[in-house]
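> 3D model of this:
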Amino acid sequence: MMIPVAKPMPQGSEIYPEYAALWHLESIGVLDALRDGARPPANAKVSRVAIIDTSVAVNHPCLKGAVNDKLAIDFFSNRLGAFPYLGEALAAPSIPSNLETDIADDLPGSLALLRELIDRLSPGAAAHVNGVAPTSSADFSNHGTAIAGLVGARPAIMQIAPDYQGQDPAEIDVPLPYCGTDPFCELVPISTNFDTDPEALILALLYAEVIDASVILIPRSFPDPFRTLGAIPVDLDLLEAALPARPTARERALWEELAQLLVAVSMRRPIICAAGNFQEVGGIYPANLASEYNGIISVGAVNAKGLVAGYSTSQGITVMAPSNDGETYDRVSVRLDEQDADFPDRRSPAENENGSFSHFEIVSTDVPGRHGYSHGPFSSAEPADGLREFGSYFCRFGGTSAASAIVAGFVSLGVSLGQIPRAVDGGLGVKTWLMSRTVQLDTEENGSFHYLSWNGAVSFPDLKV
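I've put the predicted structure just below:
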């Protein structure tokens, strides 16, 4: 008898138990809403989250049913994209419907790319081009898998692998009670490379527009050589002269168009961006494009004690969300990990600002088996059916990447539950809704900032009373 790889847990409050790995959902009030039975309205259109990042381990049991593998696309392996999980040709049902978008009408370079992309998406076109395999294997999927889990993982039930390498068959249900911030949404991975290539990033944004994403998540930086430094003033001519290879006139024009396209797309659908992990004031690019006049949302990180994470900033950031912590040792603050073996050699406990470092970390989904952040103990491939260990299925994660994924799931949950009407005024309207679901926290160390809160209350599990 074939044993199913994974099956969903029974619906009901029992699928969201007292589970320490979901402390971040508890902190922002989402877990209480799920336990109380919050569900999408009948016949509601599913929220679609486009994730511009690395590829995703789509076979993770907690991601099955969440990832739309017909729309997942890879711009790493092919200029105009390859579809990792389709057959030889693109079938008509898998083709997106928002092909008449005018989003690039005023951007000549982007408009030319949009036309190429639409032609690429025509029914019957090859899913893979020139025999080049999509860059979506487990080797490349660490970050994207963790991000996807925080946004939209679902609780699942696995069974022990039958007779795997001499093991006795055993039909034992193993619950994996993990869930993302919106366990009802649909995820569309859009994987790109990390080269200084504006084309791939423009195409990724255009594709998110074409598939009519409810939310776009960018949990990374864009390597625009002229904007990555954010608010730091630079001599552009001197910067360009210092680059390993000077951008061509076309590349420079496309970098400029990418910034304009980000703002234009955000006016139709929110774009949620990680703000960076080196205390960048205003955030890294493209988070530093966020303003009250567009739908770009920059996200910083707060630790489980309610303090801005050591690596994050709250200055110029739209909203803060839970994540792990980082050590600091500068003129502003001293926050050190007293459990670190080297701590006694670096600082005395009395000088460590009353132990403000938090050891709580974010747990998310990981690439099962040999790859991923949390490696499995077996060197061989995963069995085709069933579960032989689950330690590698989850990992410790953090940074503003994790915080931005939680915010993306939070906004997506608002769409899924009908809290954000479809008629809302694009990304700006969504941002207004989001800010209405925050509370202002005041701290001596970090000043004031807005923190996610579904129900107007927050909790921090690492606070010592």
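> Which strand or helix spans Ala402?
Using DSSP states H and E, Ala402 falls within helix 399-416.
> Low-confidence regions, the stretch 301-450 of the chain specifically.
341-355, 422-423 (pLDDT under 70).
> what do you get if the cut-off is 90, keeping everything else the same?
Across the stretch 301-450 of the chain, the ranges flagged by pLDDT under 90 are 328-356, 370, 375-391, 421-425, 443-447.
> tally of neighbours for Phe194?
12 (other CB atoms under 10 Å). Quick note: C-beta positions are derived from backbone N, CA and C, even for glycine.
> I figured Phe410 hits Trp454, correct?
Yes. Using CB atoms under 8 Å, Phe410 is in contact with Trp454, at 7.3 Å.
> which neighbours do these two share?
Residues touching both Phe410 and Trp454 by CB atoms under 8 Å, 6 or more residues apart in numbering: 28, 30, 437.
> quick one, what contacts the second one?
The contact partners of Val30, taken as CB under 8 Å, 6+ apart, are 181, 410, 413, 454.
> how many other residues sit next to the last one?
The one in question is Trp454. Trp454 has 23 neighbours, counted by other CB under 10 Å.
> mind checking how far Ser380 is from Ala127?
From Ser380 across to Ala127, the span is 29 Å (CB to CB, to the nearest Å).
> Just want to know which of those two has more residues nearby.
For Ser380 versus Ala127, neighbours defined as other CB under 10 Å are more numerous around Ala127 (18 against 11).
> For that one, give me phi and psi.
phi -70, psi -40 (degrees, to the nearest 10).
> Likewise for Asn78?
phi -140, psi 140.
> Check Val188 too.
The phi/psi pair for Val188 (degrees, to the nearest 10) is phi -120, psi 100.
> ok, now which ones touch it?
48-51, 67-68, 71-73, 208, 211, 213.
> Mark which of those are buried, thanks.
48-51, 67-68, 71-73, 208, 211, 213 (16 or more other CB atoms under 10 Å).
> Count the residues that sit near Leu261.
Around Leu261 there are 25 other residues, counting by other CB under 10 Å.
> A strand includes it, no?
No. Leu261 sits outside any strand when classified using DSSP: H, G, I helix; E, B strand; the rest coil, being helix.
> Please give me every residue in contact with it.
103-104, 107, 110, 202, 205-206.
> Now rank those residues by neighbours and give me the top one.
Leu205 (30 neighbours).
> And what about it, helix, strand or coil?
helix.
> need the contact list for it.
By CB under 8 Å, 6+ apart, Leu205 lies in contact with 52, 216, 258, 261-262, 265.
> Make a PyMOL selection of whichever of these turn out to be buried.
Buried residues within the contacts of Leu205, by 16+ other CB under 10 Å, are selected in PyMOL with:
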select buried, resi 52+216+258+261+262+265
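> out of the contacts of Leu205, what pair is the most spread apart?
Pairwise distances across the contacts of Leu205 (CB to CB) peak at 13.5 Å, for the pair Ile216 and Leu258.
> tell me the helices in the stretch 251-400 of the chain, going along the chain?
343-346, 399-416 (DSSP state H, counting those that start in this stretch).
> Against Ala402, how distant is Ser278?
For residue 278 the amino acid is Phe, not Ser. 16 Å.
> higher neighbour count, the two?
Ala402 (29 against 10).
> Tell me the spacing between the more buried one and Ala42.
33 Å.
> one step back: go through the helices of the stretch 251-400 of the chain and name the closest to Phe222.
Using CB to CB, the nearest of those to Phe222 is helix 399-416, at 13.6 Å.
> now the closest one, how far from the chain's geometric center?
7 Å (CA atoms, centre = their mean, to the nearest Å).
> Taking helix 399-416 as reference, get the angle to the helix or strand that it is followed by.
Moving toward the C-terminus from helix 399-416, the next helix or strand (DSSP H and E) is helix 426-436. Counting by axes from the mean of the first three to the mean of the last three CA atoms, to 10 degrees, helix 426-436 points 100 degrees away from the direction of helix 399-416.
> Which strands or helices does helix 426-436 pack on?
Contact here means 3 or more CB pairs under 8 Å, 6 or more residues apart in numbering; DSSP states H and E; on that basis helix 426-436 packs against helix 249-266, strand 296-302, helix 399-416.
> Which strand or helix spans the residue nearest to Ala213 when sequence neighbours are not counted?
In this structure, Ala213 finds its nearest non-sequential neighbour in Ala50, 3.8 Å apart by CB to CB, 6 or more residues apart in numbering. Ala50 is part of strand 48-53, with elements assigned from DSSP H and E.
> If anything else comes up later, I'll come back, but that's it for now.
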